[in-house]
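>>> show me how the following folds:
(one chain, ligands or ions: 1)
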Amino acid sequence: MDLQTKALHAGYVKDSQGTMAVPIYQTTAYEFRDVEHAANLFSLKELGNIYTRLNNPTTDVFEKRFAELEGGEAAIATASGMSAIFFAIVNAAEAGDNIICAKQLYGGSLTLNTHTLKRFGIEARFFDVHKPQEIEKLIDDKTKVIFFESLTNPSIDVADIEAITAVANKYNILTVVDNTVATPVLCRPFEFGADITVHSASKYTTGQGLAIGGIMVERKNLLEKLKNNDRYAQFNEADASYHGLVYSEVGLPPYTLRTRLSLLRDLGAVVSPFNSWLFIQGTETLSLRMKEHSKNALMLAEFLESHPKVKKVNYPGLKSNPNFKNAQKYFQDGLCSGLLSFEVGSLQEAEKIVNATKLYSLVVNIGDSKSIITHPASTTHQQLSHEELVACGVPEGLIRISCGLESAKDLIEDIQQALEA
Ligand code: PLP
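Numbers count the residues shown, from 1 in each chain. Prediction:
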């Protein structure tokens, strides 16, 4: 079945009411038939609903549908993209371990990896996404995850996914790919050797800037990589917090299972059923929207490239862009999503342009159907020093645009008047 079809049907079996739209199961808990039924659910002898912090029928449809789109085996939805990333990392890494991350990451992921994970005893080591050859020398026995974005926000680089996963697989290390900006419509990291993907559903998945949420997807047959792998004892030894369960022996996708039974249970960053329902609505039109976002962004990037005030345009769909080759290889039909950035001479000039636009909203978000303009140095990346900004590819004169679904002509006219104001 094509992705466009799966986006409308996967994961939903109509109940006796025959509702076309997936119902919102707005409930905290579920009644057990009797004590034996309850005990069976808790011991996983039977699968079913227990409590919405662990599972919910509306969320279940979203998880199943998204796993199908990504070409994975199972998914787990979370309260935000950040919680999906946190879960994906700490499911593998514990105090004393390290993770290897691309330098070019979303600002929240950078602060998580650099500062917050350090408080949990996890060290982050960094490589340049353009130099996967840097990874190997960072690996040791305590390396648990290699983390990068398929299409980076806000530096707009395209990772060489196969080159990175090849190193990871040589050492039997898990790769976690943030596929938020590309979405499964444009990029399918599992086809290039990745193990786990994470998404902020708050972006293109909801599509209209309606809700915060996240999702983590596990590839098919990940069990083979985890079983008897000394790096990941937690999947092969009894979990004392879950009556001695050994995750690699349950017969269910182990990475999402352990996330659900321990992390979601104890940390509680669960998505609300209503938000899952919104994500299902967004998913239904995702493939149509991603094509339009990509088309608009390419036209705007071409215009910006020709403007004398613009020093540099970052959009992998441009032939002049150093990421063009990777984009052609990894992205469906070479389409590159709606995110682009461009650089002007100074911080002051960037601020003036952002303030002069009328159609673009000054918002720290991406993936909305309405176009968004952001100045990362003064917002999402404010906590980073000048050196950190340069290192992660976000100079102070950089303006980021999330191209919406307005007409390309109107978007170009507005940016032109702002540049020339
Ligand atoms: N990953 C990427 C690439 C993002 O752009 C963002 C947010 O902007 C996140 C993760 C975090 O997602 P959320 O805001 O849903 O926590």
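>>> going forward, measure contacts between C-alpha atoms and count neighbours the same way
OK.
>>> what are the buried residues along the longest helix seen in the chain?
Looking across the chain with DSSP state H, the single longest helix is helix 286-305. Buried residues in helix 286-305, counted by 16 or more other Cα atoms under 10 Å: 286-287, 289-302, 304-305.
>>> same check on stretch 23-34?
23-25.
>>> with stretch 394-408 instead?
Buried, per 16+ other Cα under 10 Å, within stretch 394-408: 394-405, 408.
>>> Lys225: how many residues sit nearby?
Lys225 has 14 neighbouring residues, counting by other Cα atoms under 10 Å.
>>> measure the spatially closest residue to it that is not a sequence neighbour to Asn113 for me?
Nearest non-adjacent residue to Lys225, counting by Cα to Cα, 6 or more residues apart in numbering: Asn172, 6.9 Å away. Asn172 sits 21 Å away from Asn113, going by Cα to Cα, to the nearest Å.
>>> the two: which is more packed in?
Asn113 (26 against 18).
>>> list the residues that contact that one.
Shown in contact with Asn113 (Cα atoms under 8 Å, 6 or more residues apart in numbering): 123-124.
>>> ok, now how distant is it from Arg125?
For Asn113, the distance to Arg125 (Cα to Cα) stands at 9 Å.
>>> what does Ala95 give?
Look at Ala95 and Arg125: by Cα to Cα, they are 15 Å apart.
>>> same check, this time on Thr5
According to Cα to Cα, Thr5 stands 40 Å off from Arg125.
>>> who has more neighbours, those two?
Set Thr5 next to Arg125 and count neighbours by other Cα under 10 Å: Arg125 wins out with 18 against 12.
>>> could you show me where the helices are in the stretch 51-200 of the chain, in order?
57-70, 81-90, 107-111, 117-119, 161-170, 183-186 (DSSP state H, counting those that start in this stretch).
>>> ok, Phe147 - contacts?
Counting by Cα under 8 Å, 6+ apart, Phe147 has contacts 99-102, 175-178.
>>> who wins for neighbours among the residues you listed?
Thr175 (30 neighbours).
>>> partners of that residue in the sheet?
Judged by DSSP bridges, the bridge partners of Thr175 are Ile146.
>>> isn't it up against Val198?
No: assessed by Cα atoms under 8 Å, Thr175 is found out of contact with Val198, at 10.8 Å.
>>> quick check: what element follows the helix or strand of the chain with the lowest mean pLDDT along the chain?
In the chain, the helix or strand scored least confidently by mean pLDDT, DSSP states H and E is helix 386-391, which has a mean of 77. Once the chain leaves helix 386-391, the next helix or strand it forms, by DSSP states H and E, is strand 398-402.
>>> that following strand packs against which elements?
strand 339-343, helix 347-356, strand 372-374 (3 or more Cα pairs under 8 Å, 6 or more residues apart in numbering; DSSP states H and E).
>>> hmm, who's touching the second one?
The one in question is helix 347-356. So helix 347-356 is in contact with 343-344, 362, 373-375, 396-399, 417-419, 421, going by Cα under 8 Å, 6+ apart.
>>> what does the first one give?
By Cα under 8 Å, 6+ apart, the surrounding residues in contact with strand 339-343 are 153-156, 181, 297, 301, 304, 310-315, 350, 366-367, 395, 397-403.
>>> close to the ligand, is that strand?
No: judged by Cα under 6 Å from any ligand atom, strand 339-343 makes no contact with the ligand; its nearest approach is 10.1 Å.
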